[in-house]
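> Show me how the following folds:
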Amino acid sequence: MSNADMALTATDVVPPGFADLPPDAPVVAVVVSLTFPGMAKESHEIMRAFTRSAFDELLELGARAVLVDSAAADPGFAPVVAAADAVLFLGGGDVDAALYGHTGPVPNEYGTDRRADDYCVDLIRRAVARDQPVLAICRGSQLLNVALGGTLVPDLQPARLHKGAAGQPLFLDERLTLEPASKVAAIYGRERIVVRSGHHQAVGTVAPGLVVSARADDGVIEGTEHPGRRWVIGIQWHPEDRQGSAVDRRRLFTDLVRQARHAVLPAGPPARTPA
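Numbering: from 1, shown residues only. Alright, predicted model coming up:
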């Protein structure tokens, strides 16, 4: 099956119901690549399930989620993101190593799409400059760090705490420690959490402006925040995995929507869905 055949569509991931929300519902731009190079059946199903879960959660919380397909890299989406009350960056393929200065091969690399990376980096920089609420998940968290001048660990070794072993399910339960004064610790209400993870890369050198908010038991950075902005959070784990805690997922998305409801952004064009 070709990569084109594996591409997701809006129908796959966006539930009905957003049109029924009141006109003053907060708008969240959801940035995700509906396809990427080498997308296989397993990746296709994970992307479908996780993306739909995020949209479902936003709908249940009364936020109007607008899909922004970073694989399309359509400049028509930029005004949509700019006018949104908050921006959510979801997971996907690896970030092109050249973007953070890594040379040479990257073991276990998959799904790199430089065009989508450049597009997302630009969106992130603009969102942070506007002080929009931003939640960046997995690949999104990595792009946040790279966009602001940090680096990534290209391939975690050993990776046993962060993803399933060969022949096992990719996603597993991972135990993290949250920084006591961090936004995520306040959201979750505790400093030790169990999350769903399935990653072989992570934040390396933390970008200027960001601080570490979460670490795995082996010291790997699992979360960052921007103390110089009102609400910019990067997390390496997947709260949108339905096998994880529904209570914790609701806590995080509730705070994202709360931030969106109270966002005060520069005046701009109204959000629209590109044709």
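> Just the strands from the protein, written as ranges.
27-32, 64-69, 86-89, 134-137, 152-153, 172-178, 192-197, 202-203, 211-216, 221-225, 232-235 (DSSP state E).
> For Thr51, find the nearest of these.
Relative to Thr51, the nearest member of the strands of the chain by C-beta to C-beta is strand 27-32, separated by 5.5 Å. From N, CA and C alone the C-beta is placed, and that goes for glycine too.
> Extract the C-alpha set from that closest one and format it as CSV.
Extracted as CSV, the C-alpha positions of strand 27-32 are listed here (Å, rounded to 0.1, in the frame of the first residue of the first chain):
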residue,chain,number,x,y,z
VAL,A,27,-11.0,28.0,19.0
VAL,A,28,-8.0,25.6,19.2
ALA,A,29,-5.9,25.0,16.1
VAL,A,30,-4.8,21.4,16.1
VAL,A,31,-1.6,21.0,14.1
VAL,A,32,-0.8,17.4,12.9
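> Run me through the strand neighbours of it, direction for each.
If you go by DSSP bridges, strand 27-32 pairs up with strand 64-69 (parallel), strand 86-89 (parallel).
> Touching the last one from outside, list them.
Think strand 86-89. Under the contact criterion C-beta atoms under 8 Å, 6 or more residues apart in numbering, strand 86-89 has outside partners 26-32, 54, 58, 63, 65, 81, 120, 123-124, 127, 132-137, 139-141, 143-144, 256-257, 259-260, 263.
> And Arg175, how far from Lys183?
20 Å (C-beta to C-beta, to the nearest Å).
> higher neighbour count, those two?
Lys183 (20 against 12; other C-beta atoms under 10 Å).
> quick one: the more buried one and Ile235 touch, right?
No. Using C-beta atoms under 8 Å, Lys183 is not in contact with Ile235; the gap is 10.5 Å.
> longest helix anywhere in this protein?
helix 41-60 (DSSP state H).
> Out of the strands paired with strand 27-32, which gets nearest to Pro105?
Taking the strands paired with strand 27-32 one by one with C-beta to C-beta, strand 86-89 is closest: 26.4 Å.
> hey, C-alpha coordinates of the closest one in PDB?
Extracted in PDB, the C-alpha atoms of strand 86-89 (Å, rounded to 0.1, in the frame of the first residue of the first chain):
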ATOM      1  CA  ALA A  86      -4.800  28.300  21.500                       C
ATOM      2  CA  VAL A  87      -2.600  25.900  19.500                       C
ATOM      3  CA  LEU A  88      -2.200  22.200  20.000                       C
ATOM      4  CA  PHE A  89       0.700  20.400  18.200                       C
END
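> and it, average pLDDT?
The average of the pLDDT scores along strand 86-89 is 98.
> Same question for stretch 154-170.
Here the average pLDDT along stretch 154-170 is 91.
> May I see the buried residues of it?
By 16 or more other C-beta atoms under 10 Å, the buried positions in stretch 154-170 come out as 154-156, 159, 161-163.
> Next, the buried residues of stretch 135-151.
Here stretch 135-151 shows 135-148, 150-151 as buried, counting by 16+ other C-beta under 10 Å.
> How far off centre is stretch 159-177?
18 Å (C-alpha atoms, centre = their mean, to the nearest Å).
> could you pull out the helices for this structure?
3-6, 10-13, 41-60, 78-83, 114-130, 139-147, 183-188, 246-261.
> Export the second one to CSV, keeping only CA atoms.
What follows is the C-alpha trace of helix 10-13 in CSV, where atoms were taken according to Å, rounded to 0.1, in the frame of the first residue of the first chain:
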residue,chain,number,x,y,z
ALA,A,10,-10.3,14.9,8.2
THR,A,11,-13.2,12.5,8.3
ASP,A,12,-11.0,10.0,10.0
VAL,A,13,-10.1,12.2,12.9
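> And the strands of the chain: which comes nearest Gly244?
Using C-beta to C-beta, the nearest of the strands of the chain to Gly244 is strand 192-197, at 4.0 Å.
> packing partners for that closest one?
Contact partners of strand 192-197 among helices and strands, from 3 or more C-beta pairs under 8 Å, 6 or more residues apart in numbering; DSSP states H and E: strand 172-178.
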